[in-house]
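> below: sequence and its predicted model.
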Amino acid sequence: MSTTTTSHHDAHGHDDHGHPTGLMRWVKSTNHKDIGTMYLWFSFTMFLFAGALAMLIRLELFQPGLQFVRPEVFNQLTTLHGLIMIFGAIMPAFVGFANWQVPLMIGAPDMAFPRLNNMSFWLLIPAAILLLASFFVPGGAAAGGWTMYPPLSVQGGMSIDMSIFALHILGVSSIVGSINIITTIFNMRAPGMTLMKMPMFVWTWLITAYLLIAAMPVLAGALTMLITDRHFGTHFFNAAGGGDPVLFQHVFWFFGHPEVYIMILPAFGILSTIIPTFARKPLFGYASMVYATAAIAVLSFVVWAHHMFTTGMPVAGQLFFMYSTMLISVPTGVKVFNWLATMWKGSMTFETPMLFAVAVVFLFTIGGFSGLVCAILPVDIQLQDTYYVVAHFHYVLFSGAAMSIMGGVYYWIPKWTGHMYDETLGKWHFWLTTIAFNVTFFPMHFTGLAGMPRRIPDYSQQFAEFNMISSLGAFALGLSQLLFLYVVIKCIRGGAKATNQVWEGAHGLEWTVPSPAPFHTFETPPLVK
Amino acid sequence: MNKKAIFFISMMLLMATGNAQAAYELNLHAPVTEIARQIYDLHMLIVYVCLGILVIVFGVMFYSIYAHRKSVGHQAAQFHEHHVLEIIWTIIPAVILIAMAVPATKTILAMKDTTAADMTVKVIGHQWKWEYDYVDQNVHFISNLSTTQDQIDGKSEKGENYLLEVDNPMVVPVGKKIRVLLTAEDVIHSWSVPSFGVKQDAIPGFIKETWFRADKEGTYRGQCSELCGKAHGFMPIVVEAVSDEKYAAWIEAKNAEAAKGDAGADKEWTKEDLVANGKTVYEKNCAVCHQANGAGLPPAFPAMTGSKIALGAIWGADGKYAKDSHVDRLLNGKGVMPAWKAQLNDVEIASVITYERQALGNAATVDPIVQPAQIKAAR
Ligand SMILES: [Cu+2]
């Protein structure tokens, strides 16, 4: 399949134009497709590992009382489940999509900085090792929650330092990756592809990349202050030395809220790609989608303190953050309406990617509504730090981000492997995941309303029934993902030959190249009319 | 639809198996303060509005899925914008949001108004218990989880208020505006009583305030609501709202109890009595970290058994306790170990020190026991 080379692209010089094989193909890869593949496998591995941690959490919560893990270990499980899912599973998955799809969608031969691209992937490995190894150091893994609030996180052992260091490395990787994506999008689009002709997925990633560049250094700052408080006697977060523990929360959530959108905007991009394909109709309101995405990104920087309504801010601050948070539902609503209008009067079929996309629109909206409920400050006082919040962010992050990723994998995997996946098994995976997800997380709305705090290893008996249902759902949800693994491997190994176009309603440059996409594509830039 | 069916079937099954002695709690606690009532109504309002929107919007989607399928021969239209529609669906949500923001704002302003309180209680969060200080009434006590470890470990039947019960509840008069001042000693905790619509973080080094006025006598329960370490799930809050008479009687009883504690400090105690009393104190306050058998959880929480501090000398040549001695550590703490000076009385500190020196596999020969009077003098 390898294409022989003539250098059309002297803007950057990568010199591995053949088709390297063996281990070195991956270690030294500067090819956006190989790096994208590595990102996706890395993400999937972390997804299964952090999912296994969640299974242990649900095992302990299956019934009241302590049965399987001690409370200190329980806190390590919740902390690492959160950290690994966010930084190890969801974010790298989207970077994997960006690597594979952005050059293909804009008609570029590769990413703008291929070697940097290699580096940003390989940085993930030491970070992952630090996180996983932290389970085995004295005192066990970090146990102060993924948010790492001081003073609790100042108390922890060396695993906290390992986690901080891991996050620093991941931050560097994200920033470098974002610079690469932005440069690629601005400089390497095919002639004729103006910004307002770019595919929606590329737009959402462009905006996400800016969010990453703005937000990750803020996290790095908060973590660095934390580590100097821990080891070098500073008092940024220690009131006894003139600091303020709440300062950490402000800085952390100044990163943390844009981070939420870093994890959802590319998912919006995937939905905006899948839905028009299977509705056989152009995306409704392209321009308003772009503006809505930009508006969400900007607003995401002025809502951070809605995570801190119970800290006791002055009333002016509370009102400001409540209003700004409520405002975000306007552009988010615009997106949902646009997807529905895209489906309206289409000619729809429901292959697995479309099933995922429709389910995401519906379930993400439920997560959006529970988010609005939490935005109303007086109500949030009752819900803060309860299972309602756990339900809310899993509706946004699992049925929003993770299920979009799954839909995206089914959508593009024929292009990546050259084979169609097994549609029957794909649909099984979809239904099992969707049903199990709701069985797991819907009851948490009720336990949360009734006041069950999150991050507790044991609970009073009034919560027993719903917790048992959640646990059963979680085990089914976890097992269903092994089916996903099987479908993906089966598709790589073989299956019906995929056409260039793959989907009847698919439009865009990536569908003009053969399936599987050759090692080098668009060495001569295509012309976009 | 499928998922709902499964959800309800599994619910029915569980109820049928008789596992349902507790009701399915589906909503916020029944409110007993004006603020909690406003929150309850606000929440119901938003839920109904959201449900309405959900039904309308997704009614359209599911109709479209039903009618606009390729398999029923529907041809795709090719429109891709409609400015009027786009403006409408931007403005309508904005109007709905404003309608929600108005009552919410009113409630926030009321929540923040801590003026004209009838009394003030200072609440201090500790790893992992709550301390209550009635400054004007001179009442001061620690409130610990009273559920036994055996219940948690499944070795005995779980009680009705499993994990939601304490040895010393906070008692307040019904119908009075209680101002609560919150702080914490070690890490951030959060004091929460859902029936009152109150949740306020307790932040070390800062004093935050909130308030409530219970309308109805009763016992109201909540839990620490900010992750505060390993026993975060085991530091409940129990507030009893009682009549004025009962409240006055309670204050009197608390004062008498304190006087009795002070009296005990002056008598000479036997080793056996100290060890027996110390066991109770240890299990209530120390076992959570140093473990009931004294093995600790190194490296964070050192073992008691064989501990240099628990076996070493206490008193210096000048008759005062030495630095880093057993008494020093109990009174003043160090690092993660809290200072117990303000939390335990002389008898309790002397008993627990003696217990740690003479039980848990230890048999100290240097300074084998400590008398309450010695602690009283050492403070
Ligand atoms: Cu606490």
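Received, thanks. Residues are numbered from 1 along each chain as shown, chains lettered A, B, ... in the order given.
> helix, strand or coil for residue 233?
Just going to use chain A. Here residue A:233 is recorded as coil under DSSP: H, G, I helix; E, B strand; the rest coil.
> so what's the residue count around it?
Residue A:233 has 9 neighbours, counted by other C-beta atoms under 10 Å in any protein chain shown. All C-beta spots, glycine's among them, are computed from the backbone N, C-alpha and C.
> tell me the centre residue of chain B?
Nearest residue to the geometric centre of chain B (C-alpha atoms, centre = their mean): residue B:224, 2.8 Å.
> was I right to think that residue contacts residue B:235?
Yes. The pair residue B:224 and residue B:235 qualifies as a contact (C-beta atoms under 8 Å) at a distance of 4.5 Å.
> spatially central residue for chain A, please.
Against the mean C-alpha coordinate of chain A, by C-alpha atoms, centre = their mean, the closest residue is residue A:90 at 3.0 Å.
> relative to residue A:385, how far out is the residue of chain A found nearest chain B?
As assessed by C-beta to the nearest C-beta, chain B sits closest to residue A:239 within chain A, at 2.0 Å. Between residue A:239 and residue A:385 the computed distance is 21 Å (C-beta to C-beta, to the nearest Å).
> which of those two has more residues huddled nearby?
Taking other C-beta under 10 Å, residue A:239 and residue A:385 do not tie; residue A:385 has more neighbours (23 against 17).
> what count of nearby residues applies to the closest residue to the more buried one other than its chain neighbours?
Distances taken as C-beta to C-beta, 6 or more residues apart in numbering or on different chains place residue B:225 nearest to residue A:385, at 4.2 Å, with adjacent residues excluded. Residues within reach of residue B:225, counting by other C-beta under 10 Å, total 26.
> isn't residue B:225 up against residue B:192?
Yes. Between residue B:225 and residue B:192 there is a contact under C-beta under 8 Å: 4.3 Å.
> roughly how far does residue A:500 sit from residue A:273?
In terms of C-beta to C-beta, residue A:500 sits 17 Å off from residue A:273.
> again with residue A:326
29 Å.
> and if you look at residue A:397?
Taken as C-beta to C-beta, the span from residue A:397 to residue A:273 is 20 Å.
> which of those two has more residues huddled nearby?
For residue A:397 and residue A:273, the more surrounded residue by other C-beta under 10 Å is residue A:273, and the numbers stand at 27 against 22.
> chain center to the worst-scoring helix or strand of chain A on mean pLDDT: distance?
Lowest by mean pLDDT, DSSP states H and E among the helices and strands of chain A is helix A:22-27, with a mean of 82. What separates the centre of helix A:22-27 from the centre of its chain is 27 Å, taken as C-alpha atoms, centre = their mean, to the nearest Å.
> just give the nearest non-adjacent residue to the residue of chain A closest to chain B, would you?
According to C-beta to C-beta, 6+ apart, the nearest residue to residue A:239 is residue B:205 (2.0 Å).
> was I right about that neighbour contacting residue A:238?
Yes. Contact criterion C-beta under 8 Å: residue B:205 and residue A:238 qualify, at 7.4 Å.
> and residue B:327, how many neighbours?
Neighbours of residue B:327 using other C-beta under 10 Å come to 22.
> dihedrals phi and psi, it?
Main-chain dihedrals, residue B:327, degrees, to the nearest 10: phi -70, psi -40.
> report pLDDT for it.
On pLDDT, residue B:327 comes in at 87.
> contacting residues around the closest residue in space to it that isn't next to it in sequence?
Spatially, and ignoring its direct neighbours in sequence, residue B:327 is nearest to residue B:321 (4.0 Å; C-beta to C-beta, 6+ apart). By C-beta atoms under 8 Å, 6 or more residues apart in numbering or on different chains, the residues touching residue B:321 are B:314-315, B:327-328, B:331, B:378.
> for the single nearest residue of the stretch 51-200 of chain B relative to the ion, list each beta-bridge partner.
When scored by C-beta to the ion, the stretch 51-200 of chain B has residue B:189 as its residue closest to the ion, at 3.4 Å. According to DSSP bridges, the residues that bridge with residue B:189 are residue B:202.
> residue B:186 belongs to a helix?
No. Read with three-state DSSP, residue B:186 is coil and lies in no helix.
> residue 96: neighbouring residues, count only.
Answering for chain A, as no chain was given. 24.
> you looked at the wrong chain, it should be chain B
Neighbour tally, residue B:96, other C-beta under 10 Å: 20.
> which non-adjacent residue is nearest it?
Counting by C-beta to C-beta, 6+ apart, the residue nearest residue B:96 is residue B:49, at 6.4 Å.
> okay, now the one you found: neighbour count?
Residues lying near residue B:49 (other C-beta under 10 Å) number 16.
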